[in-house]
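Engineer: Sequence and predicted structure, then a few things I'm wondering about:
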Amino acid sequence: MSTKREFGDYQTPLEFAESVCWHLAKDRGINPSAVLEPACGVGNFIKAGLLFGAGKYYGIEINGEYCDICRKEINDIRVEIINEDFFSCSLDRIERDNLLVIGNPPWVNSSTLSSLGTRSSVSKSNFKGARGIDAMKIFGVSVSACLLLVQLTQEESSPDTCNVYSYENWNTAVFTYECKDGKLCSTLSSVAADYEGVCCFNWRQGVKHDCSKVMELTLGGDGNYINGYGESVCLEPDLVFPLVKSSCCRQPVISVCNKFVIVTQNKAREDTSYIKTCCPQTWEYLEEHREMFASRRSSIYNTSPDYGMFGVGEYSFSRYKVCVSGFYKDPLFCVLSSPDGRPFMADDTCYFICFNSYNLAYTAMLYLNSGKVQGFLKSISFADAKRPYSKKVLGRIDFSRICKDVTLEDLEETECRLCLPAYITPGMVGELCKTVSMHSNTMFA
């Protein structure tokens, strides 16, 4: 039997609905002739919307009990409550001249549908199982929410801009975004250089295993490793690599690390049975924690080999990487370079590009941390997103444009600002620009 949660039954609080309607009427000057609330629930937006003084109000609701509540609590001849599914309801009866459509659409995430035993017709677009932003200010549930105001017009052209305001302050825009060639950028950063394009380097995401207490280790005083349970573990060093997590991305050059991770594969879905022969202690350790791996929730592991991982490939073992946390609002790009040649692994909250020499990685790091590039990145990202700097955002950085615009003096200033000793040279800049040119030509060949 279907439940209320299955239909996305989260009622908009009346106080919030009143705040929204007051803003639309007083601050935005909206004066509709008719108001429609699809999926109206108990009708809070209709109640709040009476302040518009419209001639007609419509509420459409699939739940008959809610329709009865609306009819009982809203005693106004202008209000018509329609007990139908909005998506199949005929809208012929709705007055469309100067019509305001307002409300909170029904929603429910696929994990909730799964927990309810419901067959969801909505497929997950993110196979990695990323969660939404944990915001609970208005609805008391873990969702990201916004008030989207759209005004339809018959004009042939209208500004492709969107002002973003905070809930606490309706009058001052926090951000203004505009659409350029189908992509969003911030007009507040109009002074930022335009480095929009396609990155010639492939941004990768770090390793994903969803079993941190077993797979992530620190080094104990006796030379053994310590896992997340506090157990001292003796493992062969072959499959243990230094690990950089988002919290480690605090300095521009990282050469030492106190965290480690077991990497069971050279590429995703590779058979892991080889570990039994080459690293028997590691295999025994993994076998002891088999239940932990079996209990991983993400469906991506359903068809993977025992102790399988994702986010692994030849690129994972590159000695030189430029890495950034996807979480921080102010991105700091870091060179990962271990002195013993053992490649650093990044976790799946980080993104990185690979280089075959330290000098190339160092120069790329300076470019990405330069004031001009930082300004550009902030103009194309959403600071309140869970991951402001995702692979998609980073993939918009055109290094060929950067190389033409960012000067050696800019890089020297960046070096100084990051408290790094003077190291960059014209030769290093030329070598990176040459590499960028080669990669760009390969991309578009």
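Structural biologist: Nice, thanks for sending it over.

Engineer: can you pull out the strands in the stretch 1-150 of the chain?
Structural biologist: For the stretch 1-150 of the chain, the strands defined by DSSP state E, counting those that start in this stretch cover 34-37, 56-60, 79-82, 99-101.

Engineer: now those in a markdown table, with distance to residue 260 and mean neighbour count?
Structural biologist: C-betas here are computed from N, CA, C, even on glycine. Shown next, in a markdown table, are the strands of the stretch 1-150 of the chain (distance: least, C-beta to C-beta, whole Å; neighbours: other C-beta atoms under 10 Å):
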| stretch | distance to residue 260 | mean neighbour count |
| --- | --- | --- |
| strand 34-37 | 55 | 25 |
| strand 56-60 | 57 | 23 |
| strand 79-82 | 61 | 19 |
| strand 99-101 | 55 | 18 |
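
Engineer: quick one: which of the ones you listed is nearest residue 428?
Structural biologist: Evaluated over the strands of the stretch 1-150 of the chain, closeness to residue 428 peaks at strand 99-101, with 57.5 Å, by C-beta to C-beta.

Engineer: Give me the average confidence score over that closest one.
Structural biologist: The predicted model assigns strand 99-101 a mean pLDDT of 94.

Engineer: three-state assignment of the residue nearest in space to the middle of the chain?
Structural biologist: In the chain, the C-alpha nearest the mean C-alpha coordinate belongs to residue 387, at 3.8 Å (C-alpha atoms, centre = their mean). Assigned by DSSP: H, G, I helix; E, B strand; the rest coil, the conformation of residue 387 is coil.

Engineer: Need the pLDDT of the residue lying closest to it once chain neighbours are set aside.
Structural biologist: Nearest non-adjacent residue to residue 387, counting by C-beta to C-beta, 6 or more residues apart in numbering: residue 326, 3.9 Å away. What the model reports as pLDDT for residue 326 is 91.

Engineer: now the one 10 residues further on
Structural biologist: The model reports residue 336 with a pLDDT of 97.

Engineer: what do you get for residue 356?
Structural biologist: Residue 356 is assigned a pLDDT of 94 by the prediction.

Engineer: Who are the contact partners of it?
Structural biologist: Contacts for residue 356 (C-beta atoms under 8 Å, 6 or more residues apart in numbering) come out as 318-320.

Engineer: Which SSE is immediately downstream of the strand or helix carrying residue 281?
Structural biologist: For residue 281, the host element (DSSP states H and E) is helix 280-288. Counting by DSSP H and E, the next helix or strand C-terminal to helix 280-288 is helix 290-294.

Engineer: What is that next one packed up against?
Structural biologist: helix 212-215 (3 or more C-beta pairs under 8 Å, 6 or more residues apart in numbering; DSSP states H and E).

Engineer: got the contact list for the helix or strand following the helix it packs on?
Structural biologist: Scanning forward in sequence from helix 212-215 by DSSP H and E, the next helix or strand is strand 216-219. Strand 216-219 is contacted from outside by 225-228, 233, 235, 240, 243, 258-262, using C-beta under 8 Å, 6+ apart.

Engineer: And those residues, which is closest to residue 51?
Structural biologist: Closest to residue 51, out of all of the contacts of strand 216-219 and judged by C-beta to C-beta, is residue 228, at 55.1 Å.

Engineer: mind listing what that closest one touches?
Structural biologist: Residues near residue 228 by C-beta under 8 Å, 6+ apart: 212-214, 216.

Engineer: so how far is residue 313 from it?
Structural biologist: Remark: distance between residue 228 and residue 313 (C-beta to C-beta, to the nearest Å) = 25 Å.

Engineer: what does residue 383 give?
Structural biologist: For residue 383, the distance to residue 313 equals 31 Å [C-beta to C-beta].

Engineer: Counting neighbours, go ahead and name the busier of those two.
Structural biologist: Shown here are residue 383 and residue 313; by other C-beta atoms under 10 Å, residue 313 has more neighbours (15 against 12).

Engineer: That one: what's it in contact with?
Structural biologist: Residue 313 neighbours (C-beta under 8 Å, 6+ apart): 204, 266-268.

Engineer: what's the pLDDT at it?
Structural biologist: 95.

Engineer: next helix or strand past the helix or strand of the chain with the lowest mean pLDDT?
Structural biologist: Least confident element among the helices and strands of the chain, by mean pLDDT, DSSP states H and E: helix 110-115 (a mean of 47). Downstream of helix 110-115, the first helix or strand assigned by DSSP H and E is strand 161-166.

Engineer: Give me the mean pLDDT for that following strand.
Structural biologist: Over the span of strand 161-166, the pLDDT mean works out to 74.

Engineer: What pairs with it, parallel or antiparallel?
Structural biologist: strand 169-180 (antiparallel) (DSSP bridges).

Engineer: For the partner strand, give the mean pLDDT please.
Structural biologist: On average, the pLDDT along strand 169-180 is 69.

Engineer: before we move on, back to that, list the neighbours of the helix holding residue 281 that are in contact with it.
Structural biologist: With contacts defined as C-beta under 8 Å, 6+ apart, helix 280-288 is touched by 214, 233-236, 238-239, 262, 264, 275-276, 293, 306-307.

Engineer: Which neighbouring elements make contact with the top helix by length along the chain?
Structural biologist: Ranked by residue count and defined by DSSP state H, the top helix of the chain is helix 426-443. Secondary-structure packing of helix 426-443 (3+ C-beta pairs under 8 Å, 6+ apart): helix 358-369, helix 399-405, helix 408-417.

Engineer: Throw those helices into a markdown table and include distance to residue 98 and mean neighbour count, thanks.
Structural biologist: Formatted as a markdown table, those follow (distance: least, C-beta to C-beta, whole Å; neighbours: other C-beta under 10 Å):
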| stretch | distance to residue 98 | mean neighbour count |
| --- | --- | --- |
| helix 358-369 | 50 | 23 |
| helix 399-405 | 46 | 19 |
| helix 408-417 | 53 | 16 |
